[in-house]
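Novice: Show me how the following folds:
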Amino acid sequence: MVYSVALRRLNLFKLGKDDSGKRQYEYVSLTTEQLADVEQCVLNGLGFYEEAKRIRLAEAKSC
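Specialist: I've put the predicted structure just below:
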């Protein structure tokens, strides 16, 4: 099953509240390598094994 998500609907990771009662959130960023791994996982999960393999080989050649 494929989901579509709007960025405006995503919530940050809540850490609780500080001493003054202000909400605290964790801001997480992915590296380019981590994002490429996510892409590979999504393609494999959707059954696009050959496409994922082709992209992985193309990225290896460009490095």
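Novice: Would you state the strands of the chain in chain order?
Specialist: In the chain, the segments counted as strands under DSSP state E are 13-17, 23-26.
Novice: Can I get those strands in TSV including mean neighbour count and mean pLDDT?
Specialist: All C-beta spots, glycine's among them, are computed from the backbone N, C-alpha and C. Shown next, in TSV, are these (neighbours: other Cβ atoms under 10 Å; pLDDT from 0 to 100):
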stretch	mean neighbour count	mean pLDDT
strand 13-17	9	89
strand 23-26	10	90
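Novice: Please convert those to CSV, extending it with distance to residue 34.
Specialist: Output for the strands of the chain, formatted as CSV (distance: least, Cβ to Cβ, whole Å):
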stretch, distance to residue 34
strand 13-17, 16
strand 23-26, 16
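Novice: quick one, which of those strands is nearest to residue 51?
Specialist: strand 13-17 (31.4 Å; Cβ to Cβ).
Novice: Other residues contacting the closest one?
Specialist: For strand 13-17, contacts defined as Cβ atoms under 8 Å, 6 or more residues apart in numbering pick out 23, 24, 25, 26, 28.
Novice: So which of the strands of the chain is nearest residue 47?
Specialist: strand 13-17 (30.5 Å).
Novice: Strand partners (parallel or antiparallel) of the closest one?
Specialist: strand 23-26 (antiparallel) (DSSP bridges).
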